[in-house]
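>>> Give the three-dimensional model of this entry:
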Amino acid sequence: MKIMNMKKYGLHILAFVVIASLLCSFIACGVKAGLDEEFSLAIGQSATITGENLKITFKEVLEDNRCARDVICIQAGRIVSLVGITEDGTSQEVILIQPGMTDQHAEKTYSGYRFTFGVEPYPEEADKQIKSGEYRLLLTINR
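Numbers count the residues shown, from 1 in each chain. Next comes the predicted model:
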């Protein structure tokens, strides 16, 4: 009888772990990263920078008019992202702008930190809209 109960509880625990990990991928669980360590955030997801009193949240893409790879454009376009930054309990919204037609990351300084960032995916086809759930902010923070 005890073996049956242990199996029953073991299955319940396994089911809980599987459900929790699936939920984490849908509700954007937090990320922990250190300085000089690249990490990725989905819209709505936050990262805490270990050893610093710093939290970054990828809030939204405000504009994405980057020239698609299958088109010849007069202008490169750009992607404009909004992030929330909480440092020492004070929150502020910051705009990150990356030019189009480049694979190079852009940089922004904020409060003594250097943010090196890029947004993926890059538009491949002019007539294909990128859905908000597909965007990822690749970010490295250092001093």
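>>> Find the centremost residue of this structure, please.
In the chain, the residue lying closest to the centroid (C-alpha atoms, centre = their mean) is L41, at 1.3 Å.
>>> list the contacts for it?
31, 47, 56-58, 136-137, 139 (C-beta atoms under 8 Å, 6 or more residues apart in numbering). Just so you know, the C-beta spots here come from the backbone N, C-alpha and C atoms, and that holds for glycine as well.
>>> quick one, what contacts S132?
By C-beta under 8 Å, 6+ apart, S132 lies in contact with 43, 60-61.
>>> same deal with M101?
By C-beta under 8 Å, 6+ apart, M101 lies in contact with 66-67, 73, 76-77.
>>> if we can go back for a sec, the residue nearest to the centre of the chain belongs to a strand?
Yes. Assigned with DSSP: H, G, I helix; E, B strand; the rest coil, L41 falls within a strand.
>>> Let's see the pLDDT reported for it.
For L41, the pLDDT comes out at 98.
>>> same thing with S25?
pLDDT, S25: 42.
>>> any residues touching the helix or strand where T57 lies, and which ones?
Element membership of T57, judged by DSSP states H and E, is strand 54-64. Defining contact as C-beta under 8 Å, 6+ apart, one finds that strand 54-64 is touched by 41-49, 77-87, 93, 95, 113, 119, 123, 130, 132, 135, 137, 139, 141.
>>> Put the buried members of these into a ChimeraX selection.
Buried members of these, defined by 16 or more other C-beta atoms under 10 Å, are picked up in ChimeraX with:
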select :41,42,43,45,46,47,49,77,78,79,81,82,83,85,87,113,119,123,130,135,137,139,141
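>>> how many neighbours does D127 have?
D127: 8 surrounding residues under other C-beta atoms under 10 Å.
>>> Any regions of the protein where pLDDT drops low?
Across the chain, the ranges flagged by pLDDT under 70 are 1-29.
>>> Can you show me the helices along it?
2-27 (DSSP state H).
>>> how close does the nearest residue to R114 once chain neighbours are set aside get to E124?
What sits nearest to R114 in space, not counting adjacent residues and going by C-beta to C-beta, 6 or more residues apart in numbering, is N142, at 5.4 Å. Distance, N142 to E124, by C-beta to C-beta, to the nearest Å: 31 Å.
>>> And I74, by the same measure?
19 Å.
>>> No more questions from me, cheers.
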